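Asks: just the structure for this:
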Amino acid sequence: MRYLTIALTKGRLAKQTMALLDKIGISCDEMKDPDTRRLIFTDEERKLKFFLAKGPDVPTYVEYGAADIGVVGEDTIMEEDRKIYEVLDLGFGKCRMCVAGPAGAAKLLNGQEQIRVATKYPRIARDYFNDRKNQTVEIIKLNGSIELAPIVGLAEVIVDIVETGSTLRSNGLKVLEEVCPLSARVVVNPVSMRMENERITSLLSAMNDALPKEGD
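Replies: Okay, here's the model as predicted:
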């Protein structure tokens, strides 16, 4: 039997995913060791391999078959737009993709104004403004503190992930529009899904059954 390889997004999502896997009897204690220098972790009994990757890389590993399965935020799936199957909403890592800016910028979101939008997510921002709002915008790609852009006059608004909104409020900004809700998702390589359907489906079913249900 070949190994099934699973790519996990580094950080909080990996910890939450490992807690879920623990619930279904898949434990990879080596991965939890903060001092480990290993890149690949193996569960010999179940023929599973795991590795940690940066979020934007996970869909790439899955598309090219270097990983059969990945766990990654919906924002990354939308931005990377890879040829992968999105098969399960894990329900954790919840947040929102929003348009934010100073309160006065709300009037610029009427579809008529050409504005500048700063974001780490140019594809999502472009799709939202061009396809859903029919508004012409200039997208400015940034990697650091996006909230800075409207404060220093680089852009009128930003498109970014919002969890609590406290960072926005502390910088005099607010959510102006919600683009979409986000959470962690399981993605699968299409060829792997076909070749290893029974094993992958069984794993997904166990993960789904272990998720907290409404009212729990």
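
Asks: quick one: low-confidence residue ranges for this protein.
Replies: Within the chain, the stretches with pLDDT under 70 are 214-216.

Asks: now with 80, please.
Replies: Scanning the chain for pLDDT under 80 picks out 28-36, 214-216.

Asks: so how far is the longest strand along it from its chain's centroid?
Replies: Secondary structure of the chain per DSSP state E: the longest strand is strand 174-182. Between the centre of strand 174-182 and the centre of its chain there are 15 Å (C-alpha atoms, centre = their mean, to the nearest Å).

Asks: elements contacting it?
Replies: Applying 3 or more C-beta pairs under 8 Å, 6 or more residues apart in numbering; DSSP states H and E, we find strand 174-182 packed against helix 74-80, strand 95-101, strand 157-162. For every residue, glycine as well, the C-beta is placed using N, CA and C.

Asks: next SSE after that strand?
Replies: The element immediately downstream of strand 174-182 (helix or strand, assigned by DSSP states H and E) is strand 184-188.

Asks: single out the most deeply packed of the helices and strands packed on strand 174-182.
Replies: Burial of the helices and strands packed on strand 174-182 is given as mean neighbour count (mean count of other C-beta atoms under 10 Å); strand 157-162 ranks first at a mean of 24.

Asks: got the domain boundaries for this protein?
Replies: 4-93+183-210, 95-181 (automatic domain parsing).

Asks: any idea which helix or strand carries Leu20?
Replies: For Leu20, the enclosing helix or strand under DSSP H and E is helix 12-23.

Asks: who's in contact with that helix?
Replies: The set of residues external to helix 12-23 that reach it, using C-beta atoms under 8 Å, 6 or more residues apart in numbering, is 8-9, 27-28, 31-32, 52, 55, 71-73, 90, 92-93, 184, 207, 210-211.

Asks: tell me the secondary structure for Ala149?
Replies: What DSSP: H, G, I helix; E, B strand; the rest coil gives for Ala149 is helix.

Asks: so how far is Lys32 from it?
Replies: With distances taken as C-beta to C-beta, to the nearest Å, Ala149 is found 37 Å from Lys32.

Asks: equivalent analysis for Val62, please.
Replies: As defined by C-beta to C-beta, Val62 lies at a distance of 23 Å from Lys32.

Asks: who's more crowded, those two?
Replies: The residue with more neighbours, out of Val62 and Lys32 and counting by other C-beta atoms under 10 Å, is Val62; that gives 31 against 14.
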